[in-house]
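For reference, the sequence and a predicted model appear below.
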Amino acid sequence: ERDDNPCVVIPTGGGKTPLIATICRDAVGQWNGRVVILAHVKELLEQTAEKLRLIAPDLPVGIYSAGLKRKDLGYSATVAGIQSIWKKACDLGPVDLIIVDEANAYKNVSTRRWKALNKLIKPTTYLWMMTGTPAAQSPADAYGLAKLVNPMGVPQFQTAWRDKTMLKVTQFKWVPKKDAHMVVFDALQPAIRYTKEECTDLPPVLVETREIPLTAQQKKYYMLLKELMVVQAANTTISAVNAAAGVSKLLQISAGAAYTDDKEVVEFDCAPRLSVVMEVLEESANKIVVFVPYIHTIEVISAKLTEQGITNEIIMGSVAARERSEIVKRFQAMPDPRVLVIQPQSAAHGITLTAADTVVFWSPVMSVEIYLQCIGRIERVGQVNKMSVVHLRGTQVETKMYAMLQGKVDSHQKLVDLYKQELEDSENE
């Protein structure tokens with residue numbers, strides 16, 4: 001038995017909330033402790049509290065969140081937003097155990113979120129960090145977690161950790177060292193790891209890709225943009241930032257709406273892609289979730305689905321937290337809506353959408369972590385149907401992006417190579 005702070009690695013959809021509920025119940029019931037469960041997204045606070053009450057009905061659970069206008073005090077277990085309590089931790093009183101619901105949100109020690117959590121931890125406070133992806137993009141991501149659970153196990157400065165786990169191959173490119181996974185493993189000790197197979201018996205997931213040709217309008221602007229990129233890239237060094245921006249523009253055209261430098265929207269005909277979504281709906285006996293990276297495209301898709309008589313709702317950044325919770329409740333418990341159209345960053349973490357058995361990626365996302373979390377909305381405890389993940393693609397850039405996401409390759413690391421390849425293909429056409 002150990003008397004220190006563990007990092008618990010449990011996969012997305014593996015039953016993290018039941019585990020948190022059990023830990024809380026034991027901490028309160030057996031040791032008379034007080035527990036704070038930290039969520040970094042306010043939309044998850046009420047959902048987490050509800051699940052805790054369901055699993056452990058004898059556990060007094062409160063919510064502390066400025067965004068939800070809730071400041072429940074005096075509870076044995078409190079679900080809180082880090083943004084709400086970091087300056088007012090004294091309001092909660094003494095805390096014996098802090099459980100972090102998604103530790104990967106604290107990977108960067110320079111963020112206010114990380115600094116806030118670090119201040120909350122006292123010498124007598126125990127800390128449990130929960131995550132499915134302790135080093136989602138690279139070994140460098142593990143530094144912030146290790147600095148919290150095992151500060152003596154990592155260098156004082158993040159640059160030293162990077163040098164220990166990563167190898168610099170060009171001015172802008174770093175790759176993991178061969179032994180990086182073992183260095184991360186040692187740094188995150190004590191660690192508890194569960195595989196999804198150990199946590200639950202879930203149905204299989206089928207991944208498929210559907211080809212969608214670009215319209216004449218999309219082809220025209222796609223080629224014009226590539227030609228412009230070739231001119232801009234001549235005799236210059238392509239940075240990761242420039243490559244990401246270029247790839248994003250190409251993906252936007254493929255997806256149906258591109259944003260100009262002046263933030264104006266240029267809309268393209270997305271009827272072929274929408275037709276495939278309708279095909280997926282016809283093939284599925286259950287609900288579906290469509291992840292769309294671009295806000296304007298989300299609105300277009302929702303309007304088109306409504307025109308077709310398909311009940312749907314939108315979750316994106318502009319939708320208030322309480323409204324998002326109500327949308328999720330309706331989706332899970334009611335016949336309608338049939339479809340959720342979601343901006344990935346707004347609902348990738350923590351939300352349960354097991355009423356659906358199909359996830360459609362309208363276009364590739366730019367992060368492996370977000371990709372896995374999106375799929376995890378349906379691939380989790382409570383799912384009883386075989387699941388499908390459908391990739392929509394119409395260009396080589398999309399094909400290569402999906403391959404990197406499925407291979408769990410750090411997209412940022414490969415974007416420059418992908419961008420250069422696309423420009424070379426343009427010159428050879």
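All right, it came through fine. Numbering: from 1, shown residues only.

what about stretch 287-306, start to end distance?
Taking CA to CA, to the nearest Å as the measure, stretch 287-306 stretches 15 Å from start to finish.

Give me the mean pLDDT for that stretch.
For stretch 287-306, mean pLDDT is 91.

Stretch 387-404 too?
88.

Show me how far it is from its chain's centre.
The chain centroid and the centroid of stretch 387-404 are separated by 18 Å, computed with CA atoms, centre = their mean, to the nearest Å.

Would you mark the buried spots in that stretch?
Within stretch 387-404, the residues that qualify as buried are 387-395, 397-398, 400-402, 404, counting by 16 or more other CB atoms under 10 Å. C-beta coordinates here come from the backbone N, C-alpha and C atoms, glycine included.

center of this protein, which residue is that?
Geometric centre of the chain, nearest residue: Ile370, 3.3 Å, by CA atoms, centre = their mean.

what helix or strand does that residue sit in?
Assigned by DSSP states H and E, Ile370 falls within helix 368-376.

Tell me the helices and strands packed up against that helix.
helix 344-347, strand 356-361, helix 396-406 (3 or more CB pairs under 8 Å, 6 or more residues apart in numbering; DSSP states H and E).

Take the longest one, keep the C-alpha atoms, and write them as PDB.
Written as PDB, here are the backbone C-alpha positions of helix 396-406 (Å, rounded to 0.1, in the frame of the first residue of the first chain):
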ATOM      1  CA  GLN A 396      -5.500  13.600 -50.200                       C
ATOM      2  CA  VAL A 397      -5.000  16.000 -47.300                       C
ATOM      3  CA  GLU A 398      -8.100  14.500 -45.500                       C
ATOM      4  CA  THR A 399      -6.900  11.000 -46.300                       C
ATOM      5  CA  LYS A 400      -3.500  11.700 -44.700                       C
ATOM      6  CA  MET A 401      -5.000  13.500 -41.700                       C
ATOM      7  CA  TYR A 402      -7.300  10.600 -40.900                       C
ATOM      8  CA  ALA A 403      -4.400   8.100 -41.300                       C
ATOM      9  CA  MET A 404      -2.400  10.200 -38.700                       C
ATOM     10  CA  LEU A 405      -5.300  10.400 -36.300                       C
ATOM     11  CA  GLN A 406      -6.000   6.600 -36.500                       C
END
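
Could you measure from the closest residue in space to Arg70 that isn't next to it in sequence over to Asp141?
Closest residue to Arg70 apart from its sequence neighbours, by CB to CB, 6 or more residues apart in numbering: Ile63 at 4.3 Å. Per CB to CB, to the nearest Å, Ile63 is found 29 Å from Asp141.

and what of Ser65?
27 Å.

one step back: so for Ile63 and Asp141, which residue has more residues nearby?
Ile63 (23 against 20; other CB atoms under 10 Å).

Now the element after the helix or strand hosting Leu19, going C-ward?
In the assignment (DSSP H and E), Leu19 maps to helix 16-31. Sequence order places strand 35-39 as the next helix or strand after helix 16-31, per DSSP H and E.

What lies in contact with that next one?
For strand 35-39, contacts defined as CB atoms under 8 Å, 6 or more residues apart in numbering pick out 20, 23-24, 27-28, 45, 48, 52, 76-82, 85, 92, 95-102, 117, 120, 350.

what's Ser363 sitting at in phi/psi?
Dihedral pair for Ser363: phi -160, psi 160, per degrees, to the nearest 10.

Spatially nearest residue to it (excluding sequence neighbours)?
Leaving aside its chain neighbours, Ser363 sits nearest to Ala255 (4.0 Å; criterion: CB to CB, 6+ apart).

Test my guess that that neighbour contacts Ile295.
No. Judged on CB atoms under 8 Å, Ala255 makes no contact with Ile295 at a distance of 11.2 Å.

More neighbours: which of these two?
Neighbours of Ala255 and Ile295, each counted by other CB under 10 Å, are more numerous for Ala255; the result is 25 against 17.

What pLDDT does the model give the more buried one?
What the model reports for Ala255 is a pLDDT of 83.

which residues sit in contact with it?
So Ala255 contacts Cys270, Arg273, Val292, Pro293, Tyr294, Thr297, Trp362, Ser363 (CB under 8 Å, 6+ apart).

How about Leu305?
So Leu305 contacts Leu274, Val277, Asn312, Val339, Val341 (CB under 8 Å, 6+ apart).

Tell me which of the residues you listed fall in strands.
Using DSSP state E, the members of the contacts of Leu305 that fall in strands are Asn312, Val339, Val341.

For the first one, which non-adjacent residue is closest in space?
For Asn312, the nearest residue in space outside its immediate sequence neighbours is Val339; the separation is 4.0 Å by CB to CB, 6+ apart.

okay, the one you found: pLDDT?
96.

Can you get me a residue count around it?
Neighbour tally, Val339, other CB under 10 Å: 26.

cool, Arg377 as well?
A total of 26 residues lie near Arg377 under the criterion other CB under 10 Å.

Quick check: the gap between it and Pro94.
Arg377 is 36 Å from Pro94, by CB to CB.

host element of Ile99?
Element membership for Ile99 (DSSP H and E) is strand 97-100.

Output that strand as PDB, restricted to C-alpha atoms.
C-alpha atoms of strand 97-100 as PDB (Å, rounded to 0.1, in the frame of the first residue of the first chain):
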ATOM      1  CA  LEU A  97      -8.500  14.700  -1.400                       C
ATOM      2  CA  ILE A  98      -8.600  16.400  -4.800                       C
ATOM      3  CA  ILE A  99      -9.600  14.200  -7.800                       C
ATOM      4  CA  VAL A 100      -8.900  15.700 -11.200                       C
END
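
Would you map the helices across the stretch 51-200 of the chain?
Assigned by DSSP state H, counting those that start in this stretch, the helices in the stretch 51-200 of the chain fall at 82-85, 89-92, 112-120, 142-149, 158-165, 180-187, 196-199.

out of those, deepest packed?
helix 142-149 (a mean of 25; mean count of other CB atoms under 10 Å).

Output it as CSV, nothing but the C-alphas.
Taking C-alpha atoms only, helix 142-149 is exported to CSV below (Å, rounded to 0.1, in the frame of the first residue of the first chain):
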residue,chain,number,x,y,z
ALA,A,142,3.4,14.2,-19.3
TYR,A,143,5.5,16.9,-17.6
GLY,A,144,2.7,18.9,-16.1
LEU,A,145,1.0,15.8,-14.7
ALA,A,146,4.2,14.5,-13.2
LYS,A,147,5.1,17.8,-11.7
LEU,A,148,1.8,17.6,-9.7
VAL,A,149,1.8,13.9,-8.6
